[in-house]
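Visitor: Kindly generate the corresponding structure for this input.
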Amino acid sequence: MVDALVIIPTYNEVENVERIIKNVFALQRNFDIVIIDDGSPDGTAAIVKKLQTEFPERLFLIERNQKLGLGTAYIHGFKWALERSYAYIFEMDADFSHNPNDLIRLYNTCAKGTTQLAIGSRYVTGVNVVNWPMSRVLLSWLASKYVRFITGMDIHDTTAGFICYTKEVLEGINLDKIKFVGYAFQIEMKFKAHLSGFKIKEIPVIFTDRTRGASKMSKGIISEAIFGVLTMKCKSVFKQLN
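Guide: Modelled structure (predicted):
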């Protein structure tokens with residue numbers, strides 16, 4: 001039985017979804033994939049359904065009727081994975097900003113050591129970002145510095161979305177209490193794992209901005225991350241005081 005599941009949320013990824021699926025399945029280590037599609041009007045789900053005949057019992061599709069946010073997609077995927085007893089559960093984008101080859105490095109970090117949460121990090125060894133304008137690189141880098149300062153987490157890439165969780169981490173976090181849906185979701189999950197005492201390790205990866213399809217970044221997502229971190233930290237302090 002395959003013990004690793006890659007969760008890939010999609011919305012209008014018709015240009016990328018087939019390539020990303022086939023790249024993951026071409027790896028030397030076996031990974032299952034679940035696509036969580038938020039009602040893409042471009043036919044993303046139809047392509048996945050076609051590929052399910054080529055990869056039966058390895059490719060799964062969860063269709064939702066509308067855009068409900070990245071965080072809710074991953075929470076849905078986490079619960080789905082835990083119900084099926086996967087030992088290693090991954091977050092990965094569909095647009096090739098995360099190199100599928102790095103899945104094996106993240107897997108080995110958790111499976112062959114004591115790490116319980118492995119992060120594909122853009123900033124642990126400098127700035128490893130390709131094709132982003134300098135303004136966006138600076139915004140992302142400063143955001144991670146800000147989050148690290150506020151939360152006290154020893155993590156350089158706090159907003160990273162390329163992650164391997166062991167099932168123990170996801171079982172140890174109350175997924176129903178996760179509040180955020182955008183980039184703050186990524187911060188909140190790491191913060192909850194940090195507070196729970198799980199061992200976290202960053203693995204350097206090269207992040208390459210998408211060359212096909214449109215970015216899902218918005219001002220609302222950024223503001224959620226900035227102000228959400230303060231709210232999250234304050235709640236944790238009050239809880240400790242109580």
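
Visitor: Find me the pLDDT at Gly182, would you?
Guide: At Gly182 the predicted local confidence, pLDDT, stands at 76.

Visitor: That one and Thr72 touch, don't they?
Guide: No: if you go by C-beta atoms under 8 Å, Gly182 and Thr72 don't touch, sitting 10.5 Å apart. Where C-beta positions appear, they are placed from N, C-alpha and C, glycine not excepted.

Visitor: Tell me which of those two has more neighbours.
Guide: Neighbour totals were compared for Gly182 and Thr72, and Gly182 leads with 21 against 18 (other C-beta atoms under 10 Å).

Visitor: List the buried residues of stretch 175-193.
Guide: Buried residues in stretch 175-193, counted by 16 or more other C-beta atoms under 10 Å: 178, 180-193.

Visitor: Out of these, which sit inside helices?
Guide: Tyr183, Ala184, Phe185, Gln186, Ile187, Glu188, Met189, Lys190, Phe191, Lys192, Ala193 (DSSP state H).

Visitor: and the residues you listed as TSV, adding distance to Phe207?
Guide: As requested, those are arranged in TSV below (distance: C-beta to C-beta, whole Å):
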residue	distance to Phe207
Tyr183	14
Ala184	19
Phe185	18
Gln186	13
Ile187	17
Glu188	21
Met189	18
Lys190	17
Phe191	21
Lys192	23
Ala193	21
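
Visitor: about what we covered before: out of the buried residues of stretch 175-193, which comes closest to Glu202?
Guide: Closest approach between the buried residues of stretch 175-193 and Glu202, by C-beta to C-beta: Lys190, at 10.4 Å.

Visitor: correct me, but the closest one touches Ile155?
Guide: Yes: in this structure, Lys190 is within contact of Ile155 by C-beta under 8 Å, at 6.1 Å.

Visitor: so what's in contact with these two at the same time?
Guide: Ile119, Ile200 (C-beta atoms under 8 Å, 6 or more residues apart in numbering).

Visitor: can you tell me which helix or strand Met153 belongs to?
Guide: Following DSSP states H and E, there is no helix or strand that holds Met153.

Visitor: list the contacts for it?
Guide: Met153 makes contacts with Val147, Lys190, Phe191, His194, Ile200, as judged by C-beta under 8 Å, 6+ apart.

Visitor: again, only using 6 Å
Guide: Residues counted as contacts of Met153 (C-beta atoms under 6 Å, 6 or more residues apart in numbering) are His194.
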